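Undergrad: Predicted model and sequence follow; I will ask about them next.
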Amino acid sequence: MTQLLLGCIADDFTGGTDLASTLVRGGMRTLQVIGVPKGTIPNDIDAVVVALKTRTLPAEDAVRESLEALEWLKQIGCRQYFFKYCSTFDSTPEGNIGPVADAMMGSLGIDFAIACPAVPENKRTVYLGHLFVDDTLLSESGMRNHPLTPMTDSNLVRVLQQQTRRKVGLVPHSAVSKGNRFLEKTMATIKDSGCSYAIVDAVSDDDLRAISVVIQDHMLITGGSGIALGLPENFARKGLLVRSEAASELPSVGGLSAVLSGSCSVATNAQVEHWQFGRPSFQLDPIALSKGEDQVTQALEWASSLIQTEPVLIYGSAKPEVVKAAQQLLGVEAAGQIVEDALSRIASGLVALGVRKLVVAGGETSGAVVKALNIEALRIGAPIDPGVPWTVGLRDVPIALALKSGNFGTVDFFEKALGVVQ
Ligand code: ADP
């Protein structure tokens, strides 16, 4: 196999798909693998994204898993490496962005990398080191109440500095906007002052493209999916990549279709409601499931004849007050796990019924479903909405999957993905 151009490690599942989608849009043939694969991978690819689930693990576990993935990527041989985290810098004060980036730097034998989470397309921008979500500071956005990674400080220099012993500096927007030479000089000055990381301001895709050129020879890039948009061009400019429209081509998959939703995010709840205007749906209830009600069999029996003529939705998604009630009774983790288990078994049951096209809503939910279906690798296709591409799970019988992270997608996402008109 020829050397891969880019080897990436993503700290969560749908984040990996988001990054892979950005690379495919840029003309790179990209494979996403779920953890380090046991078997060999296809050799007609330019980039590989190893999707982990390390965002909220204890730091030492996140570091160990990330280093295992990096070792595998190094064995394959990549020209450049990428550590992908969330565009809202989701992390706890203990990590894991700093510890994982530190470990990757150590393993690669380097002492400088940028940290650039900005994704202006999704309204995540960084100015003077401060992260904005839409037009509010991160610390004033909904992220301040995140159950696992509440983000209460918008100053990323400070946030990252808390997670690493290495020194963190800032490349301000004034340097980014002054052109490559000045930007390069600023980065060199920051590095010379003893910094191992530079938070880099970016408020537009043009900023990201300018930064990409300057970091073209960096061994490691850390950031959100946004900074990846300039990377295909870097490789193409060096004659290493023939950007191809065919990068997003997927093997054709026939069969029945369904939607599974375990996300309770605002956008997903609206998508579920939209589907219910005239389309069949079946709701799972964690409390009933915990009491032993066999909703898995019920859902599959309900779906078995319906799906022959139209796609169905099976969901656990619920409004915050309903989720809270289940969580109070069962515990946060157990309530989530019960729904994830049920949806995973339903996914396997639907595939046994002939479903070959599945839309899955929810990051954790997607991880659980992909695992239940024994999928080790995904070929990444064209985006349905920003950050959510069609993919094909490579297994004995290929399955087309659209894996949507909670807050992504327009209100008619499910219908749009399956090509059914409302
Ligand atoms: P998102 O991408 O929106 O964060 P996830 O799938 O990552 O979605 O997380 C949603 C979590 O909520 C999952 O663990 C899922 O099983 C759980 N869940 C789904 N429905 C319910 C419900 N009715 N009550 C409690 N938890 C639920």
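TA: That came through fine.

Undergrad: CA only for contacts and neighbour counts going forward, please
TA: Will do.

Undergrad: following the longest helix belonging to the chain, which helix or strand shows up next?
TA: If you go by DSSP state H, the chain has its longest helix at helix 332-352. Sequence order places strand 355-361 as the next helix or strand after helix 332-352, per DSSP states H and E.

Undergrad: hmm, the longest helix of the chain in reach of the ligand?
TA: Yes: using C-alpha under 6 Å from any ligand atom, helix 332-352 comes into contact with the ligand via 335-337, 339-340.

Undergrad: so what strands line up beside the strand or helix carrying residue 49?
TA: Assigned by DSSP H and E, residue 49 falls within strand 47-51. Using DSSP bridges, the strands paired with strand 47-51 are strand 4-10 (parallel), strand 30-34 (parallel).

Undergrad: what about these, which gets the closest to residue 65?
TA: Closest to residue 65 of the strands paired with strand 47-51, according to C-alpha to C-alpha: strand 4-10, at 10.0 Å.

Undergrad: and the helix or strand following the closest one, what's its mean pLDDT?
TA: Remark: after strand 4-10, the chain's next helix or strand is helix 13-25, criterion DSSP H and E. Mean pLDDT, helix 13-25: 92.

Undergrad: Residue of the stretch 1-150 of the chain closest to the ligand, please.
TA: residue 14 (7.9 Å; C-alpha to the nearest ligand atom).

Undergrad: Might you enumerate the residues of the protein proximal to the ligand?
TA: 262-265, 285-286, 316-318, 323, 326-327, 335-337, 339-340, 362-365, 405-406.

Undergrad: List every C-alpha atom in stretch 178-193, with coordinates, as CSV.
TA: What follows is stretch 178-193, C-alpha atoms only, in CSV (Å, rounded to 0.1, in the frame of the first residue of the first chain):
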residue,chain,number,x,y,z
LYS,A,178,-2.1,39.5,7.4
GLY,A,179,-1.1,36.8,5.0
ASN,A,180,1.0,33.6,5.0
ARG,A,181,4.4,35.2,5.6
PHE,A,182,3.3,37.2,8.7
LEU,A,183,1.3,34.3,10.0
GLU,A,184,4.3,31.9,9.6
LYS,A,185,6.5,34.4,11.4
THR,A,186,4.1,34.9,14.3
MET,A,187,3.8,31.1,14.7
ALA,A,188,7.6,30.8,14.8
THR,A,189,7.9,33.6,17.4
ILE,A,190,5.3,31.9,19.6
LYS,A,191,7.2,28.6,19.2
ASP,A,192,10.5,30.3,20.0
SER,A,193,9.0,31.8,23.2
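
Undergrad: what's the spacing between it and its chain's center?
TA: Relative to the centre of its chain, stretch 178-193 is centred 30 Å away, using C-alpha atoms, centre = their mean, to the nearest Å.

Undergrad: what sits against residue 399?
TA: With contact set as C-alpha atoms under 8 Å, 6 or more residues apart in numbering, residue 399 has these partners: 253, 356-358, 392-393.
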